[in-house]
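[1] when you get a sec, could you give me coordinates for this:
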Amino acid sequence: MIDKIILNMPVLPVVLLIDMVFPFCRGRVLKNLEEDKGQYDTEREIFWATGACMFVRANLYHQLGGLDDDFFAHMEEIDFCWRVKQFGFTVMCYPQSVVYHVGGGTLPNETSFKLFLNYRNSLYLLYKNLPDKKRVITLLTRIFIDEISAVLFCLQGKFSFCAAIWKAYFAFFKNRKTMRRKRLKGRNSNMNGIYPRSIVIDFYLSKKKRFFSLIEKKVVL
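    Below is the predicted model of the structure:
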């Protein structure tokens, strides 16, 4: 059986990671996108592969249940890759390949519905996949950050975005039992690719805008 998923990444080869609250990439940290100058042309293990250019054997995909329909449009590939790692497989980046992908084809960027899906699906992702000892503290951290985001949107007059966050939490608590039933019990917890710090704190407070600055501090697993 295949033991790797090979990722073909568009334009800039990236490593896709997660800090237990937010996913980010080598070459793209939050909204900061680097120019591709070959600085990340190395094959290595990653935490998740983007669904726009992920290759996986069909038998393994179906064996693991494929993408979760409850997610729709955002973060379902992170959920799938997390499941892959829980079953003992490895997710890899193969930067020699090039794939061109038009982002935002399903939903336009900067819309309240897209924001709703991102917030709701992120909560689904964490609640469904985090080990028990990390679930509570991680979700409490996420709630605190999301509260700040909602307040900032209101102060900016983006009331539909603020409402989208609250709708996301309503949907999450409504469907929490469904996510609980989907948790994998007794599986390996391969956490390679987890960033051991907060990417939000490092980005906004420590001013680490590029992935390379995180590598310099040797804090990326």
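
[2] I figured residue 90 hits residue 43, correct?
    No. With contact taken as CB atoms under 8 Å, residue 90 and residue 43 are classed as non-touching, separated by 11.7 Å. Backbone N, C-alpha and C define where each C-beta goes, glycine included.

[3] which residue of the protein sits farthest from its center?
    The outermost residue of the chain, judged by C-alpha distance from the chain's mean C-alpha position using CA atoms, centre = their mean, is residue 157 at 27.6 Å.

[4] helix, strand or coil for that residue?
    The assignment at residue 157 comes out as coil when based on DSSP: H, G, I helix; E, B strand; the rest coil.

[5] next, the contact list for it, please.
    In this structure, residue 157 makes contact with no residue, judged by CB atoms under 8 Å, 6 or more residues apart in numbering.

[6] now it: how far from residue 112?
    From residue 157 over to residue 112 the distance is 13 Å, taken as CB to CB, to the nearest Å.

[7] what's the burial count for residue 206?
    For residue 206, the tally of surrounding residues (other CB atoms under 10 Å) stands at 13.

[8] can you pull the contacts of it?
    Residue 206 makes no contacts at all, as judged by CB under 8 Å, 6+ apart.

[9] phi, psi for residue 165 please.
    Note on residue 165: backbone dihedrals following degrees, to the nearest 10 are phi -70, psi -40.

[10] burial measure for it, as a count.
    The burial metric for residue 165, expressed as a neighbour count using other CB under 10 Å, is 22.

[11] which one is residue 124 nearest to, not counting chain neighbours?
    Excluding the flanking residues, the one nearest residue 124 by CB to CB, 6 or more residues apart in numbering is residue 179, at 5.5 Å.

[12] quick check: that neighbour touching residue 127?
    Yes. Counting by CB under 8 Å, residue 127 is a contact partner of residue 179 at 5.0 Å.

[13] which stretches of this protein have low pLDDT?
    In the predicted model, the chain carries pLDDT under 70 at residues 1-18, 20, 103-105, 186-191, 215-221.

[14] now the strands for it?
    Using DSSP state E, the strands of the chain run over 4-7, 16-18, 23-25, 28-29, 32-33, 44-45, 54-55, 90-93.

[15] partner strands of the fifth one, with direction?
    Strand 32-33 pairs in its sheet with strand 28-29 (antiparallel), by DSSP bridges.

[16] residues in contact with the partner strand: which ones?
    Applying CB under 8 Å, 6+ apart, the set of residues contacting strand 28-29 from outside is 12, 14, 34, 199, 203, 208, 209, 210, 211, 214.

[17] and the fifth one, how far from residue 27?
    Relative to residue 27, residue 203 is positioned 14 Å away (criterion: CB to CB).

[18] also the third one?
    Noted for residue 34: a distance of 5 Å to residue 27, by CB to CB.

[19] compare neighbour counts for these two and give me the winner.
    Neighbours per residue (other CB under 10 Å) separate residue 34 from residue 27, with residue 27 holding more: 22 against 18.
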